[in-house]
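# here are the coordinates; sequence isn't available:
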Ligand SMILES: Nc1ncnc2c1ncn2[C@@H]1O[C@H](COP(=O)(O)OP(=O)(O)OP(=O)(O)O)[C@@H](O)[C@H]1O
């Protein structure tokens, strides 16, 4: 089997007395779609933060991406190597159009020269199936789903090997979640590895090939999604608290 694309070893992040990520180790295989679940405050976003180093790295532990140790590397270098992420809040520049928003990511994230910019931007917008007629509209006039498409396109324009998505389904309607599911499958089928944090369990279970569950900063369970969700520790810690 080839080397993992991402290898997280004993990663810990402390904020004063709070350990948000506690000695977490896992690997991500090339091309897979790994789901990440866990109750609110279990450390999922902090895990993305310390892997991308946006805005901070781990307190201790090592992280390897595509064979290189990245836990002390500058965030823009990590992104340039092909590890990109999205945030829970949509990226939105009120004065820019949809295409210009993705252009910002292409310019600053990938350092693309002007003559290559437009082609890459339109390609990323095509991949997320963004309506061509809305590409010149200001971002403020777009729907929640269209802004999510833009957020994903802004990550894709950086030509990632790994795409880390933090709760992309939040605020979406059922039909929009179905559209997002198809989009994630399509992106993954192009060979891009995806890490997906998601509270919408139906989506997470539908697309994840493997699942990890965090609880109170620690890795609670890992493996086949259906098996993991049957794990009594997961039922108690994750489903139990959500049902409460
Ligand atoms: N910058 C920070 N400073 C201090 N504490 C933080 C910081 N970021 C996160 N935390 C704390 O770390 C813990 C884990 O938070 P995190 O946002 O990673 O959880 P999460 O699993 O992503 O939650 P959610 O599902 O609600 O998004 C929480 O207790 C949170 O309050």
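In hand now; what should we look at? This structure is a prediction, so every number in the text was calculated from the model and none was measured.

# quick one: contacts for residue 165?
85-86, 152, 155, 184, 194-198 (CB atoms under 8 Å, 6 or more residues apart in numbering). (C-beta placed from N, C-alpha, C; glycine too.)

# give me that answer again for 7 Å
Shown in contact with residue 165 (CB atoms under 7 Å, 6 or more residues apart in numbering): 86, 194, 196-197.

# same question, residue 50
Neighbours of residue 50 in contact, by CB under 7 Å, 6+ apart: 11, 13, 21, 56-58.

# same question for residue 120.
When contacts are counted by CB under 7 Å, 6+ apart, residue 120 touches 106, 112, 157.

# same thing but at 8 Å, please
106, 110, 112, 157, 159.

# quick check: which element contains it?
Assigned by DSSP states H and E, residue 120 belongs to helix 114-127.

# next helix or strand past that helix?
helix 144-156.

# quick revisit: can you give me the buried ones in the helix holding residue 120?
By neighbour count on 16 or more other CB atoms under 10 Å, the buried set for helix 114-127 is 117, 120-122, 124-125, 127.

# tell me which stretches of the protein form helices.
44-52, 75-81, 98-104, 110, 114-127, 144-156, 174-189, 201-207, 225-230, 232-234, 240-243 (DSSP state H).

# and those as CSV, adding distance to the ligand?
As requested, the helices of the chain are exported to CSV (distance: least, CB to the nearest ligand atom, whole Å):
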stretch, distance to the ligand
helix 44-52, 3
helix 75-81, 15
helix 98-104, 24
helix 110, 27
helix 114-127, 26
helix 144-156, 16
helix 174-189, 17
helix 201-207, 12
helix 225-230, 16
helix 232-234, 14
helix 240-243, 10
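
# what would these look like in JSON lines with mean pLDDT?
JSON lines is the format used below for those (pLDDT from 0 to 100):
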{"stretch": "helix 44-52", "mean pLDDT": "97"}
{"stretch": "helix 75-81", "mean pLDDT": "93"}
{"stretch": "helix 98-104", "mean pLDDT": "92"}
{"stretch": "helix 110", "mean pLDDT": "74"}
{"stretch": "helix 114-127", "mean pLDDT": "90"}
{"stretch": "helix 144-156", "mean pLDDT": "95"}
{"stretch": "helix 174-189", "mean pLDDT": "98"}
{"stretch": "helix 201-207", "mean pLDDT": "96"}
{"stretch": "helix 225-230", "mean pLDDT": "95"}
{"stretch": "helix 232-234", "mean pLDDT": "93"}
{"stretch": "helix 240-243", "mean pLDDT": "52"}
